[in-house]
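A.B. asks: sharing a sequence plus its predicted fold:
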Amino acid sequence: VCLVFFFFFFTDFFASLTDKEKKGKDLINSVKKEVEAIKSIGDTITEKKSVYFEIGAGSGLYTFGNEAFLNEMMETIGATNVFGEENSWITVTPEAVIDANPDVILANTPGTNEAGLTAVEDIKSREGWDTIAAVQNGDVYQIDKNASSRASQNIIKALREMAKAVYPDEYK
């Protein structure tokens, strides 16, 4: 798992630089155990939900394809990225999201926009998005920005939030 590899590599590296090898190894083992537990549930999911994960809105909608660590996190929980055929970080149109018709929408844009709407409120109020299954079913969720923005020990928080949002019955 690439995401976990980078976290392990940097944790181990910095732990050795600071003479904290034991603490580093304990942290690595803890994160590895959590990821494996989440993945073991994700691996059992046969009816995978499609997910659009919005990492920013404004002049364009920003998300990711198959070469981003967030895509790996999505696969770990047993979901399918609606833009998983794309590469790396991408900008998409509102029409592309509507056409993809995701089962669940996740967003990690914190705070409110210029209209005072949270990311979830903004997504639900967009023109034409009321035709998307996720919006119709109320499956639009905020994911912690800090936890989902970089590969650190905080990925576990984001992974749990994603798992519970997408598959609340499987991840309790």
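C.D. replies: Cool, got the structure.

A.B. asks: helices of this protein, residue ranges please.
C.D. replies: 2-17, 21-42, 69-77, 94-100, 119-125, 133-136, 145-149, 155-166 (DSSP state H).

A.B. asks: highest average neighbour count across the ones you listed?
C.D. replies: Neighbour counts (mean count of other Cβ atoms under 10 Å) averaged over each of the helices of the chain peak at helix 69-77, with a mean of 23. Any C-beta I mention is one placed from the backbone N, CA and C, and that applies to glycine too.

A.B. asks: quick one: mean pLDDT for it?
C.D. replies: Regarding helix 69-77, the rounded mean pLDDT is 93.

A.B. asks: centre of the chain to that helix, how far?
C.D. replies: Per Cα atoms, centre = their mean, to the nearest Å, the displacement of helix 69-77 from the mean C-alpha position of its chain is 7 Å.

A.B. asks: what's that helix in contact with?
C.D. replies: The contact list for helix 69-77 (Cβ atoms under 8 Å, 6 or more residues apart in numbering) reads 1-3, 6, 35, 38-39, 41-42, 51, 53, 55, 64-65, 80-81, 84, 148, 151, 155, 158-159, 162-163, 166-167, 171.

A.B. asks: re earlier: which one of the helices of the chain lies nearest to T109?
C.D. replies: helix 119-125 (4.1 Å; Cβ to Cβ).

A.B. asks: no more questions from me, cheers.
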